[in-house]
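> take a look and give me a structure for this.
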Amino acid sequence: MLTNITQPRIPETYSLLVKVAESLGQSLAAKIIIDAMHDAARHLATTATSSSEESESEGGIKISPSLTLAPTFEISKETYNINSGENVTIHTQIEGAPCSKVEWFKEGNHIEENDQISIITTEGHTQLVMKKVGKNNAGVYSCIATNPYGTATYQCTIHVTNQGWSMF
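Next up, the predicted model:
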């Protein structure tokens, strides 16, 4: 007869699970707080004025209405592989205050809009749209965002290949 039967350690397992859950909860709470702080900073950046005078908010607290941030890109470098004849949209997110001046370049040359190329820039985003790309569209593209507090560069490389099939 077996006399040394191990009893399951349910209280210890439960205790460990509770500790893991508490740790995850704290991490999630911290992420939520950090995300809220980022959202608040973005909101302040978009609502700030260029005035350097202090204004009074509710509760008598003095705040400075101008928030300044050098521009930054969410992603700084990418590569696109496109088939000849396809359309491509290069999209990137920009942060910074005051709003940045945004320009697109190919191989260092300023890009102008035309029937094939459109540039769309809105608050916090910019995109370069090219219709029916060909081999001449391959190359290194840059987007430069500038404001009085700095400059940021986003760069991508576009490779254009023939359609997905070939004849032997």
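
> now Pro100. Nearest residue, chain neighbours left out?
In this structure residue 100 is Ser, not Pro. Ala145 (3.9 Å; Cβ to Cβ, 6 or more residues apart in numbering). C-beta here means a position set from N, CA and C on the backbone, and glycine is covered the same way.

> pull the number of nearby residues for the residue lying closest to Lys135 once chain neighbours are set aside.
Closest residue to Lys135 apart from its sequence neighbours, by Cβ to Cβ, 6+ apart: Val160 at 5.3 Å. Residues lying near Val160 (other Cβ atoms under 10 Å) number 20.

> what of Ile158?
Neighbour count of Ile158, defined by other Cβ under 10 Å: 20.

> how about Phe73?
19.

> surely it meets Tyr154?
Yes. The pair Phe73 / Tyr154 is scored as a contact, 4.3 Å apart, by Cβ atoms under 8 Å.

> touching both of the two, which residues are there?
Between them, Phe73 and Tyr154 share these contacting residues under Cβ atoms under 8 Å, 6 or more residues apart in numbering: Thr92, Cys143, Ala145.

> understood, closing this out.
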